[in-house]
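Student: sequence and predicted structure below; questions after.
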Amino acid sequence: MEDQQWIKTALTPFSWVYGFITSLRNLFYDRGLFSSSKVPQNVISVGNLTVGGTGKTPVVEYLTNLLSPATPVAILSRGYGRDTTGFVQANATSTAATIGDEPLQYFTKFGAKVMVSVCENRVKGALEIHRLAPERKLLLLDDAYQHRAIRRDTNLLLNDYNRPFYKDLPFPAGRLRETRNGAKRADAIIVTKCPPSMDADEKSQIRTEIWKHTKPGAPIFFAFTDYAAPLSYEEVPVWLKNVKMVAGIANPAPFAAYAGGRFNVVDQVIFPDHHNYKDGDLQGLIQNLKNDTFVVTTEKDMVKLKPLVEKSGYAARFAYIPVAVNFGDDTLPFSQWITKQINGLL
């Protein structure tokens, strides 16, 4: 622990430099020296100040389920980790290699109900979506808080309860993509991965800390993660006892804690975030797999592993645990707030 503190202290001056550069960039956007383009859609951005693992994917899915019944929705992502470039629209032949794992998860879950696309240039991507589907009036930007070249109508900032941005530093001493003052651009803040039993006093303390870095009185909502019953890769409910836990996500700790508290985890395999699974990875996972043991993964890993697993004939031995965001007591307040945002612009 002392070694980690020493390293953090040594890297802090570099964080000051990095923070200054990102602050200068933001100042140029604020003063109009860098341009920010308005696109035809109503744009909701879901992002964070912290590198990875704040729960953006479940929040984008929550917004899609909440808003798509009334307004045609399109989701636009950068498509991190894909082998392609430029604009690509998800379709039945898409893979993680062509569009990225998170967009593939969106398309797998929603199908034709939602238009899912990727483009590293969000403005070009939004304009192409409008050309192809002008009826898609609502555009959800996945992980675009720092992508300021596209103007957004609503900026949602996620803050991980377990790794709050207001206690962190910019890279490399910390995990922030910019300084804490970047929170001032947020129209609302969602504190994700909260304990379901949070009391009012703790929420009040967190609000006080967050408001030090945001617009005065910016709305703050609290949400926790709901883990659903496990499903096999054949989409059949399964009962799990002994499991080999596998995760290739930015912050596997909450998933590992959940699995460890409910199943007998006989082995744990952690891959880097956005890991693209190969045949060799699969062979390592099924090697010496006992008859009473399942390989259990996150949903994000499932969409990448599933084609390999189906080809191997092991789909019945692999399971995943769907997750969703749950706003608890803030369900109605958040719904009312975001609906008001949309109705004021559509």
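Tutor: Yep, it's here.

Student: surely residue 137 and residue 41 touch.
Tutor: Yes - between residue 137 and residue 41 there is a contact under Cβ atoms under 8 Å: 6.0 Å. Every residue, glycine included, has its C-beta placed from N, CA and C.

Student: and the closest residue to residue 163 other than its chain neighbours, what are its bridge partners?
Tutor: What sits nearest to residue 163 in space, not counting adjacent residues and going by Cβ to Cβ, 6 or more residues apart in numbering, is residue 50, at 6.1 Å. Residue 50 has these beta-bridge partners by DSSP bridges: residue 176.

Student: contacts only, for residue 50.
Tutor: Residues in contact with residue 50, defined by Cβ atoms under 8 Å, 6 or more residues apart in numbering, are 159-160, 163, 165, 168, 175-177.

Student: a markdown table please, covering these and showing neighbour count, pLDDT and distance to residue 123.
Tutor: Shown next, in a markdown table, are these (neighbours: other Cβ atoms under 10 Å; pLDDT from 0 to 100; distance: Cβ to Cβ, whole Å):
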| residue | neighbour count | pLDDT | distance to residue 123 |
| --- | --- | --- | --- |
| 159 | 27 | 97 | 27 |
| 160 | 22 | 95 | 29 |
| 163 | 19 | 93 | 31 |
| 165 | 27 | 97 | 26 |
| 168 | 18 | 95 | 30 |
| 175 | 19 | 92 | 28 |
| 176 | 22 | 95 | 25 |
| 177 | 19 | 95 | 20 |
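
Student: and of these, the nearest to residue 124?
Tutor: Nearest to residue 124, judged by Cβ to Cβ, of those is residue 177 at 22.2 Å.

Student: next one: the most centrally placed residue in the chain relative to residue 116, how far apart?
Tutor: Nearest residue to the geometric centre of the chain (Cα atoms, centre = their mean): residue 56, 2.4 Å. Separation of residue 56 from residue 116 (Cβ to Cβ, to the nearest Å) stands at 15 Å.

Student: ditto for residue 60
Tutor: With Cβ to Cβ as the criterion, residue 60 and residue 116 are 10 Å apart.

Student: which of those two has more residues huddled nearby?
Tutor: residue 116 (32 against 26; other Cβ atoms under 10 Å).

Student: just the buried positions in the helix or strand of the chain with the lowest mean pLDDT, please.
Tutor: None of the helices or strands of the chain scores lower by mean pLDDT, DSSP states H and E than helix 2-30, at a mean of 87. Neighbour-count burial for helix 2-30, counted by 16 or more other Cβ atoms under 10 Å, picks out 11, 15, 18-19, 22, 26.

Student: for those, which one is nearest residue 33?
Tutor: residue 26 (10.9 Å).

Student: I figured the closest one hits residue 148, correct?
Tutor: Yes - at 7.3 Å, residue 26 and residue 148 qualify as touching, with contact defined as Cβ under 8 Å.

Student: give me the neighbour count for residue 255.
Tutor: 23.

Student: quick check, it in a strand?
Tutor: No - counting by DSSP: H, G, I helix; E, B strand; the rest coil, residue 255 is located in no strand; its state is helix.

Student: make JSON lines out of the buried residues of helix 2-30 and add distance to residue 284.
Tutor: What follows is those, written out as JSON lines (distance: Cβ to Cβ, whole Å):
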{"residue": "11", "distance to residue 284": "34"}
{"residue": "15", "distance to residue 284": "37"}
{"residue": "18", "distance to residue 284": "37"}
{"residue": "19", "distance to residue 284": "40"}
{"residue": "22", "distance to residue 284": "39"}
{"residue": "26", "distance to residue 284": "44"}
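
Student: looking at those residues, which one is closest to residue 101?
Tutor: For the buried residues of helix 2-30, the nearest to residue 101 is residue 22 (26.4 Å; Cβ to Cβ).
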